[in-house]
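# Sequence first, then the predicted structure:
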Amino acid sequence: MPSGTFYHYRTPGILIFGMVLAPCGWVLDLTSTVAPNWRTIHTIPSESTDTFLQQGIWDICRASTTSREIECNQPDEPYFDEQIIEIAQGMMVASLIVTLIGIAVAIPGVRCWRERPNWTVAGLGGLLIFCSGVLTIIPIAWYTHIITNITAPSTDIRVGYCIILGYIGGILEVLGGFVMFIGICRCCNGKNRSEVVVADTGKSTRNQPPPRRITVPSIPRTTSSASSVPYTRDSFGPTDFPRAKSNHGNSKASSSYGGAPYDADL
């Protein structure tokens, strides 16, 4: 490697795409897991009309539309005894762990300080991220499908924001993991697997060859006495320009001019 030259290896775009979507999906899944808002229950009997319940997979909170106070740790044994709640707890936690493992495995494969990425390691990390997204979408979709059949003190049941965040996070992880995994598939016939090396010469000029000199042969030029002007002053004779006749008989003419013609006579 020449002195003063640095090479930057660009990470393939599919790996960058996957490594960006995976952490974003993990944050959304974490919020969906811990927040108590998988569904909200309104119009609760023996409660004021502005009171509603927020139910998650770990906690239940009581809130009001006219107050900012939220009371959590509300007891509801029949709700937590539902099969979907136990399954959702296990699968959401497993999804968070698998996503972290997938990112940790993919990082050594996509690092940009090597000449080529390790497609096998990066693809394995993408497969784990893809599976973590599936682990998120399954309980979210199941809970949404039976949301009105789960034990509730009212029939006015609405979907909470955790369901939306869970869907988005799971889809991001599925897309990111799938894009990273196709890097090791042979369907692409090995194309776009090489990296583009960009050389940065910087400001160092040491050990650089001198610029090449180019000798241009000289062309002899001949000078000609012929002028490009069609005529010159010397080409005309003294009789070519008529002059005004001088009146020698006029004795009153001034003798200071000596009979020389004026410039206007030329």
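Sure thing, it's come through.

# contacts, neighbours, all on C-alpha from now
Noted.

# So residue 91 is in contact with residue 137, correct?
No: checked against CA atoms under 8 Å, the pair residue 91 and residue 137 is beyond contact range at 9.5 Å.

# So between these two, which is more surrounded?
Neighbours per residue, other CA atoms under 10 Å: of residue 91 and residue 137, the larger number sits with residue 137, 25 against 20.

# give me the number of residues near residue 145?
Using other CA under 10 Å, residue 145 has 10 neighbouring residues.

# repeat for residue 120
15.

# mind checking pLDDT for the closest residue to it other than its chain neighbours?
Distance criterion CA to CA, 6 or more residues apart in numbering; nearest residue to residue 120, sequence neighbours excluded, is residue 184 at 6.1 Å. With respect to pLDDT, residue 184 scores 74.

# now swap in the one 5 residues further on and tell me
The predicted structure scores residue 189 at 47 on the pLDDT scale.

# Kindly report the same for residue 143.
95.

# Looks to me like it is in a helix.
Yes: under DSSP: H, G, I helix; E, B strand; the rest coil, residue 143 falls within a helix.

# Quick check: the gap between the closest residue to it other than its chain neighbours and residue 142.
Take residue 143 and drop its neighbours on the chain: the residue closest to it by CA to CA, 6+ apart is residue 84, 6.6 Å away. From residue 84 across to residue 142, the span is 8 Å (CA to CA, to the nearest Å).

# Between those two, which is the more surrounded one?
Comparing residue 84 with residue 142 by other CA under 10 Å, the one with more neighbours is residue 84, at 18 against 13.

# Which helix or which strand is home to the more buried one?
helix 83-110 (DSSP states H and E).

# Buried ones in that helix, by neighbour count?
The neighbour-count check on helix 83-110 (16 or more other CA atoms under 10 Å) flags 84-85, 88-89, 91-93, 95-96, 98-100, 102-103, 105-107, 109-110 as buried.

# now residue 158, what's its secondary structure?
Residue 158, by the three-state scheme (three-state DSSP), is strand.

# Numbering from 9 from now on, please.
Fine by me, first position is 9 from now on; the one you just mentioned is residue 166.

# if I look at it, how far off is residue 177?
20 Å.

# Tell me which of these two has more neighbours.
Taking other CA under 10 Å, residue 166 and residue 177 do not tie; residue 177 has more neighbours (26 against 14).

# these two touch, right, that one and residue 36?
Yes: counting by CA under 8 Å, residue 177 touches residue 36, with 5.0 Å between them.

# Share the number of residues neighbouring residue 179, please.
20.

# That one touches residue 139, doesn't it?
No: look at residue 179 against residue 139 with CA under 8 Å: they stay out of range, at 11.0 Å.

# C-alpha coordinates for stretch 60-68, PDB please?
Output in PDB follows, covering the C-alpha atoms of stretch 60-68 (Å, rounded to 0.1, in the frame of the first residue of the first chain):
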ATOM      1  CA  PHE A  60     -61.000   3.200  31.400                       C
ATOM      2  CA  LEU A  61     -58.600   0.400  31.900                       C
ATOM      3  CA  GLN A  62     -55.300  -0.200  30.000                       C
ATOM      4  CA  GLN A  63     -54.400  -3.800  29.800                       C
ATOM      5  CA  GLY A  64     -51.000  -5.200  28.800                       C
ATOM      6  CA  ILE A  65     -49.300  -8.500  29.200                       C
ATOM      7  CA  TRP A  66     -47.600  -7.600  32.400                       C
ATOM      8  CA  ASP A  67     -49.700  -5.000  34.100                       C
ATOM      9  CA  ILE A  68     -53.200  -3.300  34.200                       C
END
